[in-house]
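Enquirer: okay, sequence plus prediction incoming.
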Amino acid sequence: MNIQYNLDDIVAFTQKLVQTPSESGEEKEVAEIIASEMHRLGYDVVFIDPIYNVIGIVKGKGGGKSLLLSGHIDHAEPGVMEEPYSGKLMDGKKFGVDGQVIYGRGAVDMKGAVASMVHAAAAIKASGTHLSGDIIVCGNPMEETSGADGTIYMLDVDGIKADGAICGEATGLGIYLGHRGNAEVKLTIKGVMAHGSNPSNGINAAVKASRLVCYIMDNYKLPSHDLLGQCTTTILDIKADTERKAPVLPDRCFVYVDRRFLPGETKEDIIKEFNNLIEGAKKEISDLDVDIEITKWGLALYTPEQEPITQALKIAREKILGEVGQLSAWIFGTDGAFVADRGIPCVGFGPGNEVYAHTPDDHISIEDLDKATKVYIQTALEFCK
């Protein structure tokens, strides 16, 4: 690969993005910084939409496949991180990484990848290489706390279309073919209010809920997938519907359950499973009365190895890093599933290790930024040629 770019510029750009707070719903400033960088680098089209998707296009000469490079520009809350917005350079030994890393909230999830994508497309344009297809680079808002609102708006309202896509969420520079979906299931356990001094006169919804939670965790049999892994379920929250102003038994208790699911499983399937669990629980828990509702639904993703975008990425990774590597999957969900749901085959490739996302050790290695940029460039050459 003879296309050149300035790694120091990518590092400085990543630092600037990390130094710019952008929790979900607060992406205006970081979107403007990305748009400014795209303008500086000579993109053919740059715009920010009303909800702060930032979109840049390097146009091809026509007749080829278009490539979407996509990543989100919001980040999780910093919590107890020290200097979360410093964007400082550190010795990577603290994290078991050779060389320097950029530290700060959003570095690995996923401002480093966005910086690499922005500069990869610009490097191809600056080289004078005339690809047939367009390269579209998108930074999406509201990924961390929404059902992919930013990505869906980009696809459905902005009308962004492509023949293949790469989601730049951290993969440790491996190729990821997908991930499990996630359903948030709300269980409303109903009881009968009574005075706390006379609990036998009522039905305590919190007690029923606690027993139901134990039953679910002990008896929920879950499917698995050779690549996407074992489905899981866990309890996210238990909340009684009382402010305890008086000593009363709660007559409502809400349990929120996270259920990871595979492609092909539907909302109806999961509702049916919970109905069956509750029917089984009623044999052990008297007076159990439960309503079921799915309150969040994150799509599952699985992109077959034979898809052209997967093949192009495999060729690119082998040329740049010396081998294709083992094909794998994310533990968490991504907006890439919503891209694929709109008919754009999407595969994952990004710098950094996903285990550091949302943690106090959030960082991205400079070596990973360099390698990811090279692979993004080479994939565009393979796919849009």
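Expert: Structure received. Numbers count the residues shown, from 1 in each chain.

Enquirer: contacts and neighbour counts: CA atoms only from here.
Expert: OK.

Enquirer: isn't residue 217 up against residue 234?
Expert: Yes: using CA atoms under 8 Å, residue 217 makes contact with residue 234 at a distance of 7.5 Å.

Enquirer: now the end-to-end length of stretch 280-295.
Expert: From the first residue to the last, stretch 280-295 extends over 23 Å; the measure is CA to CA, to the nearest Å.

Enquirer: any idea which element residue 239 lies in?
Expert: strand 233-240 (DSSP states H and E).

Enquirer: tell me the mean pLDDT over the next helix or strand after that strand?
Expert: Sequence-wise, the next helix or strand downstream of strand 233-240 (DSSP H and E) is strand 252-261. Computed over strand 252-261, the mean pLDDT rounds to 97.

Enquirer: partner strands of strand 252-261 and their direction?
Expert: strand 181-190 (antiparallel), strand 233-240 (antiparallel) (DSSP bridges).

Enquirer: what's the closest of these to residue 315?
Expert: Of all these, strand 181-190 sits nearest to residue 315, with 27.9 Å by CA to CA.

Enquirer: name the residues that touch the closest one?
Expert: Contacts of strand 181-190 from elsewhere in the structure, counted by CA atoms under 8 Å, 6 or more residues apart in numbering, are 205-206, 208-209, 251-263, 288-301, 333.

Enquirer: now do 7 Å
Expert: For strand 181-190, the surrounding residues in contact (CA atoms under 7 Å, 6 or more residues apart in numbering) are 205, 209, 251-262, 289-300, 333.

Enquirer: for it, the distance to its chain's centre please.
Expert: 21 Å (CA atoms, centre = their mean, to the nearest Å).

Enquirer: ok, then the element right after it?
Expert: Heading C-terminal from strand 181-190 (DSSP H and E), you reach helix 205-219.

Enquirer: which strands or helices does that following helix pack on?
Expert: Contacts defined by 3 or more CA pairs under 7 Å, 6 or more residues apart in numbering; DSSP states H and E place helix 205-219 against strand 181-190, strand 252-261, helix 267-281.

Enquirer: same thing but 8 Å
Expert: In terms of contacts (3 or more CA pairs under 8 Å, 6 or more residues apart in numbering; DSSP states H and E), helix 205-219 is packed against strand 181-190, strand 233-240, strand 252-261, helix 267-281.

Enquirer: any idea of the angle the third one forms with helix 205-219?
Expert: Using axes from the mean of the first three to the mean of the last three CA atoms, to 10 degrees, the interaxial angle of strand 252-261 with respect to helix 205-219 works out to 20 degrees.

Enquirer: repeat that for the shortest one.
Expert: Between the axes of strand 233-240 and helix 205-219, defined by the same axes, to 10 degrees, the angle is 180 degrees.

Enquirer: could you dump the helices and strands packed on helix 205-219 into JSON lines and include mean neighbour count and distance to residue 77?
Expert: Output for the helices and strands packed on helix 205-219, formatted as JSON lines (neighbours: other CA atoms under 10 Å; distance: least, CA to CA, whole Å):
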{"stretch": "strand 181-190", "mean neighbour count": "22", "distance to residue 77": "21"}
{"stretch": "strand 233-240", "mean neighbour count": "15", "distance to residue 77": "18"}
{"stretch": "strand 252-261", "mean neighbour count": "22", "distance to residue 77": "20"}
{"stretch": "helix 267-281", "mean neighbour count": "15", "distance to residue 77": "30"}
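
Enquirer: which ones are touching the residue most central in space within the chain?
Expert: When the chain is reduced to its mean C-alpha position, the nearest residue by CA atoms, centre = their mean turns out to be residue 334, at 2.9 Å. Residue 334 makes contact with 167, 169, 179, according to CA under 8 Å, 6+ apart.

Enquirer: re earlier: could you dump the helices and strands packed on helix 205-219 to JSON lines with distance to residue 363?
Expert: Shown next, in JSON lines, are these (distance: least, CA to CA, whole Å):
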{"stretch": "strand 181-190", "distance to residue 363": "26"}
{"stretch": "strand 233-240", "distance to residue 363": "27"}
{"stretch": "strand 252-261", "distance to residue 363": "27"}
{"stretch": "helix 267-281", "distance to residue 363": "36"}
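
Enquirer: out of those, which gets nearest to residue 344?
Expert: strand 181-190 (17.5 Å).

Enquirer: and that closest one with helix 267-281, angle?
Expert: Using the same axes, to 10 degrees: strand 181-190 against helix 267-281 is 40 degrees.

Enquirer: residue 302 pairs with what?
Expert: residue 178.

Enquirer: which residues touch it?
Expert: Neighbours of residue 302 in contact, by CA under 8 Å, 6+ apart: 177-179, 263, 337.
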